[in-house]
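Q: sequence plus predicted model, see below.
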Protein chains: 2
Amino acid sequence: MGQYTAPLRDMQFVLHELLGVEAELKAMPRHADVDADTINQVIEEAGKFCADVVFPLNQSGDREGCTYEGNGVVRAPKGFREAYRQYIEAGWPALACDPEFGGQGLPIVVNNALYEMLNSASQAWTMYPGLSHGAYEALHAHGTPELKQTYLPKLVSGEWTGTMCLTEPHCGTDLGILRSKAEPQADGSYRITGTKIFISAGEHDLADNIIHLVLARLPDAPQGTKGISLFVVPKFVPDASGNPGERNGIQCGAIEHKMGIHGNATCVMNLDGAQGWLVGEPNKGLNAMFVMMNAARLGVGAQGLGLTEVAYQNSLAYAKDRLQMRSLTGTKAPDKPADPIIVHPDVRRMLLTQKAYAEGGRAFAYWTALQIDRELSHPDESVRKASADLVALLTPVIKAFLTDNAFTSTNEGMQVFGGHGYIAEWGMEQYVRDARINMIYEGTNTIQALDLLGRKILGDMGAKLKAFGKIVQAFVEEEGTNEAMQEFINPLADLGDKVQKLTMEIGMKAMGNADEVGAAAVPYLRVVGHLVFSYFWARMAKIALEKQDSGDKFYTSKLATARFYFAKLQPETAAEIRKARAGASTLMALDADLF
Amino acid sequence: MGQYTAPLRDMQFVLHELLGVEAELKAMPRHADVDADTINQVIEEAGKFCADVVFPLNQSGDREGCTYEGNGVVRAPKGFREAYRQYIEAGWPALACDPEFGGQGLPIVVNNALYEMLNSASQAWTMYPGLSHGAYEALHAHGTPELKQTYLPKLVSGEWTGTMCLTEPHCGTDLGILRSKAEPQADGSYRITGTKIFISAGEHDLADNIIHLVLARLPDAPQGTKGISLFVVPKFVPDASGNPGERNGIQCGAIEHKMGIHGNATCVMNLDGAQGWLVGEPNKGLNAMFVMMNAARLGVGAQGLGLTEVAYQNSLAYAKDRLQMRSLTGTKAPDKPADPIIVHPDVRRMLLTQKAYAEGGRAFAYWTALQIDRELSHPDESVRKASADLVALLTPVIKAFLTDNAFTSTNEGMQVFGGHGYIAEWGMEQYVRDARINMIYEGTNTIQALDLLGRKILGDMGAKLKAFGKIVQAFVEEEGTNEAMQEFINPLADLGDKVQKLTMEIGMKAMGNADEVGAAAVPYLRVVGHLVFSYFWARMAKIALEKQDSGDKFYTSKLATARFYFAKLQPETAAEIRKARAGASTLMALDADLF
């Protein structure tokens, strides 16, 4: 039940009309001949694959879940394996990978569009290839040439999948206290022992081998986060010809029963002298892992975006179909026993909330992906550096803001269905349950907020934020005399000023009391998220204003959604700024035993 | 897994120190000898029952769910039947019922405290007796003496349970289009035919008989809501001696698979010429049903309150126990590998959000219950009328505000657990899933908001709101010169002014365009909810200020929570007022086919 169609028109609007990707890519030798037609063909094909092959598995996968068959064996839900086979046969895992290892070398921004659609179709299924791609990126960035040659071609082809093994029973956020141990061996490899939990896609029947990236401590490692090393630990150790060989000492001990993403196996992984190879330098595993984590955080943002879009599509269809009550301003469908519920203002609020969050999130996510392409592929070092800073700044915002919005959106989508939203059959409650994990994993949204405010902003005296502020300011000045744009430019400029003041205020307070950062971070991230959204909604409104008389009603819709965003969603900042300013004292006053 | 202890100290604080129930009840002849000791004994006993008998079934009941065994037979989860037997043996169903029919005649406010605890222990289980009590109230208010004699003693004893059968596949909110038909019979009874869906506790194995209150149309009924009648339709028609006799033509056809409340059977009920008896007047069934619906809405508020409390207790215990990272202001537990997470400001924000919503909700819910006692039992008619108006005004606020808050709170509670919150074993995700239905059933929270703004406020030109405003104003003036209270009184008075202005503004706009009510209603209800909470938090702060030097740290905690409420939760109104003022235009601008 339910429906999904790739939102190609809006994706193309973002890619071409908003971001002008073709021209951007022209400036990058590696991508200079990736033109708009190519991109459109790719996303069209990807959209069909997602809708036809992956989407039909989403609900059945949730209902069936994964099965732990004992002795380390896990079976994914029915159909997952076959769909994955089709996925690799079509070459999708290779899309944005390095041609040296069999990749197609397309830009990250195209891969991001693919992942939005995959996640709309089924987040649980998509986590299998998604984690593989993260493992690919970490090995690609930090592996020795030998490790790369051994593992990357198989990850690129999708024959093998990957995981990241960080969490242990006593530590998730606090990796500094992790206990898994790695003993060096005479042959240069290591024997790793420990227990990892919450390992997504840790074991399954989709691929011939599973490549685990595992954090562990060397015997002489210093305490804390500076004593953690990263290892590649294959389920089957590749033999001389590169095929899966001996079974390694890493085994799934159990799978978790969870609120959602039932189709993805969340595994307890027991390592008992498992053979592994060092990735990157000893004791610098967290640095190497952060490549994967940052990719994963952007990936989680894409999960949020995908769920927002699919929940919107389904609640919209329902709102046009379901007849209930008459419009308060008079009957709209006199031939029917009641009006379709889309006539009701609050139903529209719920639909437009989802629409504005989906389209704003798409603009933000694709723009950020394009910044990554610039960071990786632009010939000008200063451009690479500027883009890298923007990506660093906005990665926690993508992760937290888009997933908070997705939880709101999927809940609104479910609410549109009334009682039917609560019934599994309709599929809406699954989106809520799936969306919920995105606020937790790959660093909780609190951790993202601390990363944004503490490390990315206060950590460099606001330099990265200023760089983004300049982009906003340039647009504000450009449109300063454009009368038609004032309704969008004024709240954007106003919020920009407020963010600047708020940041300085928190920075001052934080110098006296570090808890002020922790107290302000979560509402602060919401405010920054809205600054980003205000910027993109203003830019999208400008295009829509220019083209609204073109006869294409797409622009009418875009403009109305921009107006809705500024009228009904952006005002959240009024509350969040007050909360951020309210400081730490009311949080910290109470002794723990008086709670 | 998990824990629950009845929050007796805070319940007693609300009942005795905040509300002074003993003195209030003294003024009501029916309750004049219900003293504080009696109340305390009752809630203490109830607390034990909830914690020891009901709570242990909550998680297993969720996991097992209800079973449809075919042929109309439904089995509740293991242990539910036995716990229900203990419940009726202890006489709990009779607590607040009319002594004429075997009730104990205690006030509603005590019953409300009981239901808070039952819902903390297990919402799904509690819905069985909860719906019975609603059926009791509807029959008690509108049944003929004969119907009362037949059904009330069994509902009061709990031997029989009850349901409300409103929704049909094509109508939930819009009861005006319901289709079930009632044919009058020569013996004065009716034969009812139709399909009802989403019938909570519609069929189960807890009781010997199930008494359905069913909405249907008489053959000559006018169209719309003015042609609906209410009928009592027993599963087994009572025989001459009042025992379950002939099996009636109402049968469960299926149960739903839902997001949560798995332990409660949500039934499709097929009526095929089922024998029923008219309750209240022909075609005025909705009026009669509203007695039950209003009780149910307050009951749903109690569900929200119960879940908020239990989620708080569990996340608090986890936050004190879980070690992760060091405090930003320096190590707090040097003997441990990391600090307990309660040292972190944002964890405290999540805990205090739950605490402030639980304690504020308790004050609001018990106060409203006491108003119902005044409405039902006060000798002075003007007092009865004034209380009835307050109850009418605030019923939608109790329902929507407390359940929105509960969804926020259970989500915060889950978030405190990080990844473990998403795992079923810990029990936190169940609270989120259970809490979600409360925003939907018994009238979605949008319907509550429309009821508040459209019917209860604009419908009487703001008279009921003014009456509540006077209560607030009196307190503001009383404390106007109390320096220590200014930090609470100022934001309360300020919000009171804003609500007044906002109400007038919306009222003016609504005269020109009815959609303005629909556009403003949801944010408006949030604002009114915060006005109510601000009032109660200010009153609680006053007591805590007076007693803070008593040596009882309870008041220190209360005062800190009040300060947190005003600093971090009440600022939500800044956003909601802006959203409410933003009007209908951005919602209604877009043609339905351009979404």
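A: Received, thanks.

Q: tell me which residue of the stretch 1-150 of chain A lies closest to chain B.
A: Residue nearest to chain B within the stretch 1-150 of chain A: A:Arg63 (8.4 Å; Cβ to the nearest Cβ). In this view, the C-beta of every residue, glycine as well, is placed from N, C-alpha and C.

Q: gap between A:Thr403 and A:Gly172?
A: Going from A:Thr403 to A:Gly172 by Cβ to Cβ, to the nearest Å gives 17 Å.

Q: which of those two has more residues huddled nearby?
A: A:Thr403 (29 against 22; other Cβ atoms under 10 Å in any protein chain shown).

Q: neighbours of the spatially closest residue to A:Arg9 that is not a sequence neighbour, how many?
A: Spatially, and ignoring its direct neighbours in sequence, A:Arg9 is nearest to A:Phe554 (6.1 Å; Cβ to Cβ, 6 or more residues apart in numbering or on different chains). Close neighbours of A:Phe554, defined as other Cβ under 10 Å, add up to 16.

Q: what does A:Met504 give?
A: 11.

Q: before we move on, which element is it in?
A: Per DSSP states H and E: A:Met504 is located in helix A:486-512.

Q: which strands and helices sit next to that helix?
A: For helix A:486-512, the elements it packs on are helix A:463-478, helix A:515-547, helix A:572-581, judged by 3 or more Cβ pairs under 8 Å, 6 or more residues apart in numbering or on different chains; DSSP states H and E.

Q: tell me the average confidence for stretch A:310-317?
A: Averaged over stretch A:310-317, pLDDT sits at 98.

Q: contacts for it, please.
A: A:2-5, A:7, A:120-121, A:342, A:350-351, A:354-355, A:358, A:409-410, A:412-414, A:416-417, A:427-428, A:431, B:595 (Cβ atoms under 8 Å, 6 or more residues apart in numbering or on different chains).

Q: am I right that A:Gly301 is in contact with A:Thr403?
A: Yes. Judged on Cβ atoms under 8 Å, A:Gly301 makes contact with A:Thr403 at a distance of 6.9 Å.

Q: stretch A:114-123 close to chain B?
A: No. Counting by Cβ under 8 Å from any Cβ of the partner chain, chain B has no neighbours in stretch A:114-123; the shortest distance is 13.2 Å.

Q: do stretch A:280-293 as well
A: No. Stretch A:280-293 lies out of reach of chain B by Cβ under 8 Å from any Cβ, never closer than 14.3 Å.

Q: tell me which residues in that stretch are buried?
A: Of the residues in stretch A:280-293, A:280, A:283-286, A:288-289, A:291-293 count as buried by neighbour count, 16 or more other Cβ atoms under 10 Å in any protein chain shown.

Q: list the neighbours of that stretch that are in contact with it.
A: A:134-135, A:137-138, A:141-142, A:164, A:166, A:175, A:213, A:215-216, A:218, A:221-222, A:225-231, A:279, A:442-443.

Q: ok, so what distance separates A:Asn411 from A:Arg433?
A: A:Asn411 is 11 Å from A:Arg433, by Cβ to Cβ.

Q: pLDDT score assigned to the residue lying closest to A:Thr67 once chain neighbours are set aside?
A: Sequence neighbours aside, A:Arg75 is the residue nearest to A:Thr67 in space, at 4.5 Å (criterion: Cβ to Cβ, 6+ apart). pLDDT recorded at A:Arg75 is 98.

Q: which residues touch A:Arg75?
A: Per Cβ under 8 Å, 6+ apart, neighbours of A:Arg75: A:66-67, A:69, A:204-205.

Q: which parts of the stretch 101-250 of chain A are strands?
A: Secondary structure of the stretch 101-250 of chain A, counting by DSSP state E, counting those that start in this stretch: strands at A:160-165, A:181-184, A:190-200, A:209-216, A:229-234, A:236-238, A:244-247, A:250-255.

Q: what pairs with the fourth one, parallel or antiparallel?
A: Right, strand A:209-216. strand A:160-165 (parallel), strand A:229-234 (antiparallel) (DSSP bridges).

Q: correct me if wrong: A:Trp125 contacts A:Ser60.
A: No. Assessed by Cβ under 8 Å, A:Trp125 is found out of contact with A:Ser60, at 10.7 Å.

Q: more crowded one of these two?
A: Neighbour count, other Cβ under 10 Å: between A:Trp125 and A:Ser60, A:Trp125 has more, with 29 against 14.
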